[in-house]
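Visitor: Make a model of this:
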Amino acid sequence: QVQLVESGGGLVQAGGSLRLSCAASGRTFNNYNMGWFRQAPGKEREFVAATSRSGGITRYVESVKGRFTIDRDSAKSTVYLQMNSLKVEDTAAYYCAATTICSGYGCTLQTDYNYWGQGTQVTVSS
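Guide: Okay, here's the model as predicted:
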């Protein structure tokens, strides 16, 4: 089992920054790819970013490229999502996910992940 706990969400003005954290426990952190998803009210949950087990491969949804950065700290068993130049349309609940069933570059679907955090709310005001 893997337990994931997100933190760092909040209210920020458009153009501002937030850094989300996801602390993992229960299994060896380096054994799984990590990802971030988000879900806005009335919308489907969507992929945001993912990182491979080593952190050497990252992938982003087009809408956040150049603004968001995913990285992981193995010593802290934590994955981060640095979000800069935030836009109102980034408002959503953000979920951390871990997978032991997908590896490499292509882990962008919800079904690729078998562990999920409880989510943290990000609200961007205009």
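
Visitor: quick one, strands of this protein?
Guide: Taking DSSP state E, the strands of the chain run over residues 3-7, 10-13, 18-25, 33-39, 46-51, 58-60, 68-73, 78-83, 92-99, 115-116, 120-125.

Visitor: can you list the ones you listed in a markdown table and add distance to residue 107 and mean pLDDT?
Guide: From N, CA and C alone the C-beta is placed, and that goes for glycine too. Putting these into a markdown table (distance: least, C-beta to C-beta, whole Å; pLDDT from 0 to 100) gives the following:
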| stretch | distance to residue 107 | mean pLDDT |
| --- | --- | --- |
| strand 3-7 | 15 | 96 |
| strand 10-13 | 27 | 98 |
| strand 18-25 | 15 | 97 |
| strand 33-39 | 5 | 97 |
| strand 46-51 | 5 | 97 |
| strand 58-60 | 8 | 95 |
| strand 68-73 | 12 | 96 |
| strand 78-83 | 13 | 98 |
| strand 92-99 | 6 | 97 |
| strand 115-116 | 12 | 96 |
| strand 120-125 | 20 | 98 |
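
Visitor: Mind listing what's buried along stretch 77-87?
Guide: 77-81, 83, 86 (16 or more other C-beta atoms under 10 Å).

Visitor: on that earlier part again, adding distance to residue 105, write the strands of the chain out as JSON lines.
Guide: Shown next, in JSON lines, are the strands of the chain (distance: least, C-beta to C-beta, whole Å):
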{"stretch": "strand 3-7", "distance to residue 105": "21"}
{"stretch": "strand 10-13", "distance to residue 105": "30"}
{"stretch": "strand 18-25", "distance to residue 105": "20"}
{"stretch": "strand 33-39", "distance to residue 105": "10"}
{"stretch": "strand 46-51", "distance to residue 105": "8"}
{"stretch": "strand 58-60", "distance to residue 105": "6"}
{"stretch": "strand 68-73", "distance to residue 105": "13"}
{"stretch": "strand 78-83", "distance to residue 105": "17"}
{"stretch": "strand 92-99", "distance to residue 105": "13"}
{"stretch": "strand 115-116", "distance to residue 105": "20"}
{"stretch": "strand 120-125", "distance to residue 105": "26"}
